[in-house]
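1. with the input below, show me the fold.
(2 chains)
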Amino acid sequence: QVQLVQSGAEVKKPGASVRVSCKASGFTFTSYDINWVRQATGQGPEWMGWVNPNSGNTDYAQKFRGRVTMTRDTSISTAYMELSSLRSDDTAVYYCAREKIGPYYGMDVWGQGTTVTVSS
Amino acid sequence: DIVMTQSPLSLPVTPGEPVSISCRSSQSLLHRDGYNYLDWYLQKPGQSPHLLIYLGSNRASGVPDRFSGSGSGTDFTLKISRVEAEDVGVYYCMQALQTPPAYTFGQGTKLEIK
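-> Numbers count the residues shown, from 1 in each chain, chains lettered A, B, ... in the order given. Purely as a prediction, here's the structure:
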């Protein structure tokens, strides 16, 4: 079935980096942009950016530019989000979500979320 | 960035009642293609968000027809014609108009059963 499966929970120290993966199945990976959205406990979602699996092109929210890198490996239908220079306020659940390339249909499939905890 | 403001923030309801959630944007979400780039998402307890409505009024696949979206420009509404127990969770509006892309979400409206 159509799904996005994310990697497991991570615990990192301040200043470290984290990489979260998002594996697609059940659909054509290169037909959808992959967005990354994070959500701190008790807060609303926050959009971080997207990667186009076809071209590898990316666009990042200004807040994260310089600290985030989104990539993809089309051979295994997997997108990645790496966040560096982690701080305690990066502690959140990180989600990937697909968005059809072309006419807009919203972010219609989401991963299960990956909890990233930043603590010394 | 475009700021999204929802009201109310909390919504206690009785099953079978109709409800409305309002979402206002700081800038018009009407694109030159004629569509309003406004989505509604529901996040049930302990789950990922999932898409209910896209482009202001289009129900996503599998979404019951008791959910409807309306509005244009800066004012939008999500309506549930008859609330069911399974509808509990936090409802978010999100704008997808800004370019370069900078999608922004509202603060969320928590729907709970009385």
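
2. what does chain B have sitting close to chain A?
-> Along chain B, the residues adjacent to chain A under the rule C-beta under 8 Å from any C-beta of the partner chain are B:35, B:37, B:39, B:41, B:43, B:48-51, B:53-55, B:58, B:60-61, B:92, B:94, B:96, B:100-108. In this view, the C-beta of every residue, glycine as well, is placed from N, C-alpha and C.

3. hey, where'd the strands end up in chain B?
-> Remark: strands assigned in chain B by DSSP state E are B:4-7, B:10-13, B:19-25, B:38-43, B:50-54, B:58-59, B:67-72, B:75-80, B:89-95, B:104-105, B:109-113.

4. apologies, that question was intended for chain A.
-> A:3-6, A:10-12, A:18-25, A:32-39, A:46-51, A:58-60, A:68-73, A:78-83, A:92-100, A:107-110, A:114-118.

5. as JSON lines, those strands with mean pLDDT, distance to B:S68 and mean neighbour count would be great.
-> Shown next, in JSON lines, are the strands of chain A (pLDDT from 0 to 100; distance: least, C-beta to C-beta, whole Å; neighbours: other C-beta atoms under 10 Å in any protein chain shown):
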{"stretch": "strand A:3-6", "mean pLDDT": "98", "distance to B:S68": "27", "mean neighbour count": "18"}
{"stretch": "strand A:10-12", "mean pLDDT": "98", "distance to B:S68": "39", "mean neighbour count": "15"}
{"stretch": "strand A:18-25", "mean pLDDT": "98", "distance to B:S68": "30", "mean neighbour count": "20"}
{"stretch": "strand A:32-39", "mean pLDDT": "98", "distance to B:S68": "25", "mean neighbour count": "24"}
{"stretch": "strand A:46-51", "mean pLDDT": "97", "distance to B:S68": "25", "mean neighbour count": "23"}
{"stretch": "strand A:58-60", "mean pLDDT": "95", "distance to B:S68": "31", "mean neighbour count": "18"}
{"stretch": "strand A:68-73", "mean pLDDT": "98", "distance to B:S68": "34", "mean neighbour count": "18"}
{"stretch": "strand A:78-83", "mean pLDDT": "98", "distance to B:S68": "33", "mean neighbour count": "22"}
{"stretch": "strand A:92-100", "mean pLDDT": "98", "distance to B:S68": "22", "mean neighbour count": "23"}
{"stretch": "strand A:107-110", "mean pLDDT": "98", "distance to B:S68": "18", "mean neighbour count": "23"}
{"stretch": "strand A:114-118", "mean pLDDT": "98", "distance to B:S68": "33", "mean neighbour count": "18"}
